[in-house]
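[1] I need the structure of the sequence given here:
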Amino acid sequence: MFLVGEDESLTAWDIDRRQILWRSDNGGAWHVAASADGKTLVTLSTDGTVTQWDPLTGDKIGRFTVPAPDRSLSGGADGIGAQTNIVLSPAGDLLWTATEGGRIIKWHMSVEAWRQAACGTAGRDLTKTEWRRHMASSPPEDLECDRTS
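    Residues are numbered from 1 along each chain as shown. Just a heads-up that it's a prediction; the model follows:
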């Protein structure tokens, strides 16, 4: 079981043993979603950051930021808005974010999809330093961009 606390930390519980498995070291978690098989865990933070976690260890796998809505139903100028949420597919391979401004985005959750998106944005191969800075995780072996398309 995964819970977001009052301090916005994420805690993983083993409910059979009634013990904490791990707790995130930083606040900001606002919403949490897990795949049906428990292999994919995602949080949405108040600043719009989506973080993918290893549900067994609490290690961060990667992160990205949801674009701020064009308009806000709550009138707030900061963050992504109280009505923003996330939904994870049962298999954990797709994530949908819905902002309070009405924008719904489908995200592919594989490291390969993230690499391709980053390559498309950068227009070149990525460095390991760039991957660590932007994805908050260890880079995959192959950071070379596919230039066939």
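[2] Mind giving me the packing neighbours of the longest helix seen in the chain?
    Counting residues, the longest helix in the chain under DSSP state H turns out to be helix 111-122. Counting contacts by 3 or more Cβ pairs under 8 Å, 6 or more residues apart in numbering; DSSP states H and E, helix 111-122 packs against strand 60-65, helix 128-135. Yep, even glycine has a C-beta here, placed from its N, CA and C like the rest.
[3] Which residues outside the following helix or strand past the first one are in contact with it?
    Sequence order places strand 85-88 as the next helix or strand after strand 60-65, per DSSP states H and E. Judged by Cβ atoms under 8 Å, 6 or more residues apart in numbering, the contacts made with strand 85-88 from elsewhere in the structure are 31, 33-35, 40, 42, 44, 50, 94-98, 109.
[4] out of those, who has the most neighbours?
    Sorting those by how many neighbours each has (other Cβ atoms under 10 Å) puts Val42 first, at 26 neighbours.
[5] Surely that residue is within a strand?
    Yes. Counting by DSSP: H, G, I helix; E, B strand; the rest coil, Val42 is found in a strand.
[6] And the contacts of strand 85-88, which is closest to Arg132?
    Checking these against Arg132 by Cβ to Cβ gives Val50 as the nearest, at 17.4 Å.
[7] May I ask you to confirm that that closest one is in contact with Trp96?
    No. Checked against Cβ atoms under 8 Å, the pair Val50 and Trp96 is beyond contact range at 10.8 Å.
[8] Overlap of the contact sets of those two?
    Ile86, Trp107.
[9] any idea how far Glu144 is from Lys128?
    12 Å (Cβ to Cβ, to the nearest Å).
[10] Ignore what I typed, I meant Arg18.
    For Arg18 relative to Glu144 (Cβ to Cβ), the value is 47 Å.
[11] Check Gly48 too.
    29 Å.
[12] higher neighbour count, those two?
    Gly48 (19 against 11).
[13] who's in contact with stretch 103-112?
    By Cβ under 8 Å, 6+ apart, stretch 103-112 touches 40, 42, 50, 52, 61-62, 64, 66-67, 69-70, 88, 92-98, 114, 117, 140.
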